[in-house]
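*Asks:* This is the structure alone, sequence omitted:
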């Protein structure tokens, strides 16, 4: 335990000493949003071994007129970045995440090889390009103490898997593309199904931890950033979930193959997202739909309640009120509102009955004060509702600190 604490402390000291360059959230030439990996690959962070970090610290206080409820305080996540350039064409990117102080994950670990202008080969543990938050989740890049719930329940952010593929830009067309082959979700292993109606695929993320693959899945995204202040993205994810029942399965065993087929599902997820910024006004939104095949057989075999169609969307708008006093402020105070609607039981198959509690609506209003480009103080108020007739709304007050450098 002492060694782990010492190693962690040394890592922080190294970052504080050498990561002295400020990251950028938007490329000044292409208007394309940037994340931590983009800054490392573009050389916007410190030279040589490139280091950085982001942190999210939360206080969530449920509000009720009937009961006393304890608030939750949490160092939600602390992520350390490290990148290295072997040459102008070959770079390595990694992120180590500490969640809730005690949990440690590798969030990214991939190599990027620039084959030629507009064509990069990537291989390793990478973020699946779906929606907004899964790729751009540094806490200073979004409004609200917590990330939108849609991008955690349907898009299981942070969603990363092992894979290989290509990415690149076509500046003359203002297009960025990504296409990867990944291992899929672990839908069934060690005699139990992993998927469930409440949050669909979230429990099936393999995260690069001794992952296995019975069939590769395809992930693609195309972004358009040709209008100043506007970025639009179209994403797709297609394939099958993975099942360890196929390990050692005899190919000409009809009954064995039928059982194994009942332990996995087909997934076709499509998402559209857009972000817009003009002076002090910002807006963003996304919609995602996932068709899930073979759920009747899967639920019957595993005893789960996975939906056959997941659907959700959110819209958000904000304004920097400091613009009312000055045309340009180095310390924005962004007031925002967000409306989310997402249903992981939008449709069900077989004898399964829709669970209306999975048809959820979240309303969030709040503000963020950027005391520096990489440091923000946040506060918001949330109302949670669902489709059950007997349900009543839940309310929550949140405060948080976001850091990115």
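*Replies:* Looks like it came in fine. Computed from a predicted structure; not experimentally measured.

*Asks:* Poorly predicted segments of this structure, please.
*Replies:* 1-33, 36, 39-48, 389-390 (pLDDT under 70).

*Asks:* Nearest spatial neighbour of the residue positioned nearest the centre of it, chain-adjacent residues omitted?
*Replies:* Nearest residue to the geometric centre of the chain (Cα atoms, centre = their mean): residue 134, 2.2 Å. Among residues not flanking residue 134 along the chain, residue 157 sits closest, at 4.6 Å (Cβ to Cβ, 6 or more residues apart in numbering). C-betas here are computed from N, CA, C, even on glycine.

*Asks:* ok, now residue 375?
*Replies:* Distance criterion Cβ to Cβ, 6+ apart; nearest residue to residue 375, sequence neighbours excluded, is residue 403 at 5.6 Å.

*Asks:* Give me the contacts around the helix or strand hosting that neighbour.
*Replies:* Using DSSP states H and E, residue 403 sits in strand 394-404. Residues from elsewhere that reach strand 394-404, judged by Cβ atoms under 8 Å, 6 or more residues apart in numbering: 23, 36, 52-64, 138-141, 144-146, 366, 368, 374-385.

*Asks:* That strand: which residues count as buried?
*Replies:* 396-404 (16 or more other Cβ atoms under 10 Å).

*Asks:* Contact partners for residue 322?
*Replies:* 280, 329, 331-333.

*Asks:* right, I mislabeled it, should have said residue 54
*Replies:* Contacts of residue 54 (Cβ under 8 Å, 6+ apart): 36, 77-79, 81, 138-140, 402-405.

*Asks:* Nearest to residue 185 among those?
*Replies:* residue 77 (21.9 Å; Cβ to Cβ).

*Asks:* Tell me which helix or strand that closest one sits in.
*Replies:* Using DSSP H and E, residue 77 maps to strand 72-85.

*Asks:* now residue 272
*Replies:* Going by DSSP H and E, residue 272 is part of strand 266-278.

*Asks:* who does that strand touch, helix- and strand-wise?
*Replies:* Secondary-structure packing of strand 266-278 (3 or more Cβ pairs under 8 Å, 6 or more residues apart in numbering; DSSP states H and E): strand 230-240, strand 281-293.

*Asks:* Kindly present those strands as JSON lines, with separate columns for mean neighbour count.
*Replies:* Shown next, in JSON lines, are those (neighbours: other Cβ atoms under 10 Å):
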{"stretch": "strand 230-240", "mean neighbour count": "19"}
{"stretch": "strand 281-293", "mean neighbour count": "19"}
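
*Asks:* Redo these as a markdown table? Include distance to residue 315.
*Replies:* Formatted as a markdown table, these follow (distance: least, Cβ to Cβ, whole Å):
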| stretch | distance to residue 315 |
| --- | --- |
| strand 230-240 | 14 |
| strand 281-293 | 4 |
